[in-house]
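Return a 3D structure for these sequence lines:
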Amino acid sequence: MSATAYPIALVLAGRPCLVVGGSAAAESKVKGLVEAGARITVVSPWLSPALLALAGDGRFAWWPREYAAGDAAGFFLVIVAIDDGAVNAQVAAEARERGVLVNCADDPGRSDFLVPAVVRRGSLSVAVSTGGASPIMARLVREEIDALLPEGYAALTQIVADARRALHARGLSADPERWRRAVDDELRQLVAAGRAAEAHSRLLQRLGA
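Numbering: from 1, shown residues only. Take a look at the predicted model:
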């Protein structure tokens, strides 16, 4: 049986991350790292207009040149987003020598991790991956999930998270089945109507707090 990728969500806030490449292919990688709060450096002789705008806003440091030997040193992870097999091989080898996680876009064989297609609703993230076998399929499924998942899930997720913290503060807990019953249609309707405080109180009551 062939091995499958193990899905994880990396905590990158404040961690140094390097992106090799400045084209449109690098944009989504950089934007994802920005959202994760990473300390980002991009090495590329040029940047796409979108990346130039992000650089101008101070979202990342830019080294305006080609990748050079040793650039991977000191980073937590490296993402290579250029269509150059030789550079992919060089960066992957150097990163692994230094214990740095590496992802080569469109080259899963040289990657330590894969970047999934993601749907986000606030702090709720739904990731879709085919293990690098079919990025197009991952994108299609992501688009289907995006169409199905209401925007209100961002607020609902926050209310559930606040209730969980409130339970912990009171030394209480609830099993998964009780949570499932508590997060019902009535709660979702309150959230959709913008009645967050009422939804929070109702959820705590349903959880026995």
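
In the chain, mark out all the strands, start to finish.
In the chain, strands defined by DSSP state E lie at 16-20, 39-43, 61-63, 77-80, 101-104, 117-121, 124-128, listed in chain order.

Can you add mean pLDDT and give the ones you listed back as CSV?
Below are the strands of the chain laid out as CSV (pLDDT from 0 to 100):
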stretch, mean pLDDT
strand 16-20, 98
strand 39-43, 98
strand 61-63, 97
strand 77-80, 97
strand 101-104, 96
strand 117-121, 93
strand 124-128, 95
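
Quick one: closest of these to Arg142.
Across those, Arg142 has its closest neighbour in strand 117-121 (3.7 Å, CB to CB). (Glycine included, C-beta is placed from N, CA and C.)

in the lengthiest helix in the chain, what's buried?
Using DSSP state H, we find that the single longest helix of the chain is helix 153-169. By neighbour count with 16 or more other CB atoms under 10 Å, helix 153-169 contains the buried residues Tyr153, Ala155, Leu156, Thr157, Gln158, Ile159, Val160, Ala163, Leu167.

got a list of what Arg170 touches?
The contact partners of Arg170, by CB atoms under 8 Å, 6 or more residues apart in numbering, come to Ala209.

That one and Arg180: what is the separation?
Distance, Arg170 to Arg180, using CB to CB, to the nearest Å: 21 Å.

so what's the residue nearest in space to the middle of the chain up against?
The centre of the chain sits closest to Gly32, judged by CA atoms, centre = their mean, with a distance of 5.8 Å. Going by CB under 8 Å, 6+ apart, Gly32 touches Val115, Val118.

Alpha carbons of stretch 52-63, as CSV, please.
Output of stretch 52-63 as CSV, limited to C-alpha atoms (Å, rounded to 0.1, in the frame of the first residue of the first chain):
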residue,chain,number,x,y,z
LEU,A,52,4.9,44.2,-5.6
ALA,A,53,1.9,45.7,-3.8
LEU,A,54,2.3,43.4,-0.8
ALA,A,55,6.1,44.2,-0.7
GLY,A,56,5.2,47.9,-0.8
ASP,A,57,2.9,47.4,2.2
GLY,A,58,5.8,45.8,4.1
ARG,A,59,4.2,42.3,4.2
PHE,A,60,7.5,40.6,3.3
ALA,A,61,11.2,41.2,2.7
TRP,A,62,12.3,41.0,-0.9
TRP,A,63,15.7,39.9,-2.1
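
Which positions in that stretch come out as buried?
Neighbour count says stretch 52-63 has Leu54, Ala55, Arg59, Phe60, Trp62 buried, by 16+ other CB under 10 Å.

Just the pLDDT for the third one.
Arg59 is assigned a predicted lDDT (pLDDT) of 96.

go on, Met1?
Note for Met1: predicted pLDDT of 50.

Identify all contacting residues around stretch 135-149.
Defining contact as CB under 8 Å, 6+ apart, one finds that stretch 135-149 is touched by Asp106, Pro116, Ala117, Val118, Val119, Arg121, Val126, Val128, Ser129, Thr130.

Please verify my assumption that the second one contacts Gly131.
The reference is to Pro116. No: Pro116 is not in contact with Gly131 according to CB atoms under 8 Å; the separation is 9.7 Å.
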